[in-house]
Structure formats: structure tokens, C-alpha cells
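Q: Show me the folded form of this:
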Amino acid sequence: QLQFVESGGALVQPGGSLRLSCAASGFTLYYYNVGWFRQAPGKEREGVSCISSSGGRTNYADSVKGRFTVSRDNAKKMVYLQMNNLQPEDSAVYYCAARDLRFGNNCPRSGMDYWGKGTLVTVSS
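A: The predicted structure is shown next:
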């Protein structure tokens, strides 16, 4: 059974850090680009970061550049999102999603093949 499960969400104070994890099972993660997305209440889901299948290429939304870092360990079938200097506007449910690299090298929200169910990040004092 194909699964993508996020973890690591929590309540954190402004300026704090969290590391989100995404565990893949039932498919070979190496053949997929992985994106992190987030959705705040009342807002559309937005892309946060994308990492290529090999991990050699990454990109970030302008709002998180310099604060968030995406990485992956294909052998462990894990993808991570290190989030530093978190701010209240980062509060959202965070999702990871995978896209078969045969269909492209990016992570379009509408083009992802597998999605996790999300993990909640709340940044508040």
C-alpha cells in the first residue's frame, strides 16, 4: 500500500524551530520529486519547497527562503523540512507530496501523485 506520512508538527513560539519528516512506503522514493506544501485556515494550499529525486536540486517559496531547508534520504525513504525562525504566518497544516520524475522536474500542486495527510504547525506565543 502506497503511503506518505508526515510527522513533527507542533506548537512552537515565534523564532523557534521544527523539523518535519515525511516517510514513504509502498513505492521507490528515488523515482520521485518531493514537495512540501502548506495550507492555513481559509487559504489555498501553497507550495513551500521542492526537492529533486536525487536531492541535488531544491527550491523554495520566497516567504521561506533562508529559513527553511529541505533534504532527503532515499535509502531511508525519508524527506525532511527543517524550519527555523518560525513566524505566526507559518502556521498551517504541512503536507508532503511526491511526483513521478518521468512527468517533470518540478512540484506543481496539481501535478503531484501521492499526498500525505498533513501535520499541523502552530506558531504562537
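Q: from the chain's centre, how far out does stretch 52-66 sit?
A: Stretch 52-66 sits 10 Å away from the centroid of its parent chain (Cα atoms, centre = their mean, to the nearest Å).
Q: now swap in stretch 85-99 and tell me
A: 7 Å.
Q: Over to stretch 31-48?
A: The gap between where stretch 31-48 is centred and where its chain is centred comes out at 7 Å by Cα atoms, centre = their mean.
Q: From one end of that stretch to the other, what's the distance?
A: The first residue of stretch 31-48 is 20 Å away from its last residue (Cα to Cα, to the nearest Å).
Q: where do the strands sit along the protein?
A: Per DSSP state E, the chain carries strands over the ranges 3-7, 11-12, 18-25, 32-39, 46-51, 58-60, 68-73, 78-83, 92-100, 114-115, 119-123.
Q: export these to TSV and tack on mean pLDDT and mean neighbour count?
A: In this view, the C-beta of every residue, glycine as well, is placed from N, C-alpha and C. Converted to TSV, the strands of the chain look like this (pLDDT from 0 to 100; neighbours: other Cβ atoms under 10 Å):
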stretch	mean pLDDT	mean neighbour count
strand 3-7	92	17
strand 11-12	98	15
strand 18-25	96	19
strand 32-39	97	24
strand 46-51	98	22
strand 58-60	97	16
strand 68-73	98	18
strand 78-83	98	22
strand 92-100	96	23
strand 114-115	92	16
strand 119-123	98	18
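Q: Let me have these in a markdown table, adding distance to Pro108 as columns.
A: Output for these, formatted as a markdown table (distance: least, Cβ to Cβ, whole Å):
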| stretch | distance to Pro108 |
| --- | --- |
| strand 3-7 | 17 |
| strand 11-12 | 29 |
| strand 18-25 | 18 |
| strand 32-39 | 8 |
| strand 46-51 | 8 |
| strand 58-60 | 12 |
| strand 68-73 | 16 |
| strand 78-83 | 17 |
| strand 92-100 | 8 |
| strand 114-115 | 13 |
| strand 119-123 | 22 |
